[in-house]
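K.L.:
quick one: sequence and predicted model below, then my questions.
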Amino acid sequence: MTGRERGDRRVDHDREVARTAGQGADKEFLARRFDADRGHLRAVAYRMLGSLSEAEDAVQEAWFKLSRSDVSGVENLSGWLTTVVGRVCLDMLRSRGSRREDPLEYYVPDPVVRVADSTDPEHAAELTESVGLALLVVLDTLGPAERLAFVLHDMFAVSFDEIARIVDRTPAATRQLASRARRRVQDATPAPGPDARRQREIADAFLAAAHGGDFEGLLAVLDPDVVLRADGGRTLAAVSKVVRGAEAVISQALTYAKFRTGVLQVVANGQPAVLSVVKGRPSSIMTFTVVGDRIVELHILADPERMATLGFTEEELARATY
């Protein structure tokens, strides 16, 4: 279901919500209504920010704005909340750009992770539907206004008239923002991969070859122009790097394979991934982007601060194999 379809289904109900708010600001009723949209708003914020904690902050700020606003004249409350979250995220992106210290080339967005054979939690599905880490990396290269225009229009069917009011531009200029962003996304985002089972088989083949020191086996599953991006955060800044080309990536893979860690198969943003576990704690996560039968991108998050927030249980971590 598209964002537009979801919004249309709620318009009549939103009119009733607005009348209720205008007649006495029934905060409990508005809270229930907000909770019904929370997953959608979290998905918008995650695509805008690529950060789980910042996405939660943006959604919470939207609730504060709703609780302090007179929405008696709002016919589509879902649409109103979407634009509020978009405006909050735009401000956060602009603030981030002025204070960002980590090189953007090394940055790996927060993954939404689940253990490979577990049932996909509803919130994970809402966050990651059609958004892989490779796409989030590309979105991070866009300017704040470009990212907003592309995410809200192309992913959530918000009109250019509405987006124009957020970015303080004309609808025509806003359309151009989205068009430029769309071209960059299309040029830089890998093509769709094979089915999930085949992607996992290729990821497993990479891991087996790396642990076995099999250079030819690694060469067989890597695209010649494969890119590895590693993000160690502030604590492990020396780990952060971008490695390009199959032979250079193989060298890195064979080096790191010498360190014995626990391995747990997981899924990150709908893609095969592997979690490294050291002394019962999550150490790093590597996500595979597969096109055809080759791995075209590898994303490694090793930032201890962010790894600690991924929410794995002790029971899940205990299933890691060595």
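P.N.:
Good, I have the coordinates.

K.L.:
check contacts around the spatially most central residue of the chain.
P.N.:
What sits nearest the mean C-alpha location of the chain, by CA atoms, centre = their mean, is residue 50, with 4.7 Å. With contact set as CB atoms under 8 Å, 6 or more residues apart in numbering, residue 50 has these partners: 109, 110, 136, 139, 140. (Glycine included, C-beta is placed from N, CA and C.)

K.L.:
how about residue 131?
P.N.:
Residue 131 is in contact with 46, 47, 269, counting by CB under 8 Å, 6+ apart.

K.L.:
could those residues go into a markdown table alongside distance to residue 300 and pLDDT?
P.N.:
A markdown table is the format used below for the contacts of residue 131 (distance: CB to CB, whole Å; pLDDT from 0 to 100):
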| residue | distance to residue 300 | pLDDT |
| --- | --- | --- |
| 46 | 20 | 97 |
| 47 | 22 | 96 |
| 269 | 14 | 93 |
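
K.L.:
what is the rounded mean pLDDT of the helix or strand harbouring residue 67?
P.N.:
Element membership of residue 67, judged by DSSP states H and E, is helix 52-68. On average, the pLDDT along helix 52-68 is 95.

K.L.:
going by contacts, tell me the helices and strands next to that helix.
P.N.:
Judged by 3 or more CB pairs under 8 Å, 6 or more residues apart in numbering; DSSP states H and E, helix 52-68 is in contact with helix 27-49, helix 77-99.

K.L.:
ok, and what's touching stretch 284-293?
P.N.:
Against stretch 284-293 from outside (CB under 8 Å, 6+ apart): 111, 113, 132-134, 190-194, 198-199, 202-203, 206, 221, 223, 266, 268-269, 271-276, 295-302, 307, 310.

K.L.:
quick one: which of these sit in strands?
P.N.:
113, 223, 266, 268, 271-276, 295-301 (DSSP state E).

K.L.:
how far away is residue 294 from residue 113?
P.N.:
23 Å (CB to CB, to the nearest Å).

K.L.:
okay, these two: which has more neighbours?
P.N.:
Taking neighbours as other CB atoms under 10 Å, residue 294 and residue 113 compare with residue 113 leading, 22 against 17.

K.L.:
I'd say the more buried one and residue 271 touch.
P.N.:
No: in this structure, residue 113 is not within contact of residue 271 by CB atoms under 8 Å, at 10.3 Å.

K.L.:
so where's the stretch 51-200 of the chain shaky on pLDDT?
P.N.:
The stretch 51-200 of the chain contains residues with pLDDT under 70 at 98-103, 117-130.

K.L.:
circling back to that earlier point, what are the buried residues along the helix holding residue 67?
P.N.:
52, 54, 55, 57, 58, 59, 61, 62, 63, 65, 66 (16 or more other CB atoms under 10 Å).

K.L.:
what ranges do the helices span in the stretch 101-250 of the chain?
P.N.:
Applying DSSP state H, counting those that start in this stretch to the stretch 101-250 of the chain gives helices spanning 122-128, 133-139, 144-150, 160-167, 171-188, 196-211, 215-221, 246-256.

K.L.:
I'd like those helices as TSV, with distance to residue 281 and mean neighbour count appended.
P.N.:
Below are the helices of the stretch 101-250 of the chain laid out as TSV (distance: least, CB to CB, whole Å; neighbours: other CB atoms under 10 Å):
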stretch	distance to residue 281	mean neighbour count
helix 122-128	21	16
helix 133-139	22	22
helix 144-150	33	24
helix 160-167	41	18
helix 171-188	34	16
helix 196-211	20	18
helix 215-221	28	17
helix 246-256	18	17
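
K.L.:
wait, which of the ones you listed is closest to residue 96?
P.N.:
helix 144-150 (8.6 Å; CB to CB).

K.L.:
run through the neighbouring helices and strands of that closest one.
P.N.:
Secondary-structure packing of helix 144-150 (3+ CB pairs under 8 Å, 6+ apart): helix 77-99, helix 160-167, helix 171-188.

K.L.:
ok, residues contacting it?
P.N.:
With contact meaning CB under 8 Å, 6+ apart, helix 144-150 is reached by 48, 86, 89-90, 93-94, 97, 139, 142, 160, 163, 166-167, 169, 174-175, 177-178, 180-182, 185.

K.L.:
can you rerun that using 7 Å?
P.N.:
Outside of helix 144-150, the residues within contact range by CB atoms under 7 Å, 6 or more residues apart in numbering are 48, 86, 90, 93-94, 97, 139, 142, 163, 166-167, 174, 177-178, 180-182, 185.

K.L.:
may I have that helix as CSV, with CA atoms only?
P.N.:
Listed next in CSV are the C-alpha coordinates belonging to helix 144-150 (Å, rounded to 0.1, in the frame of the first residue of the first chain):
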residue,chain,number,x,y,z
PRO,A,144,18.8,18.3,3.3
ALA,A,145,16.1,19.9,1.1
GLU,A,146,16.8,17.4,-1.7
ARG,A,147,16.5,14.5,0.6
LEU,A,148,13.3,15.8,2.0
ALA,A,149,11.7,16.3,-1.4
PHE,A,150,12.8,12.9,-2.6
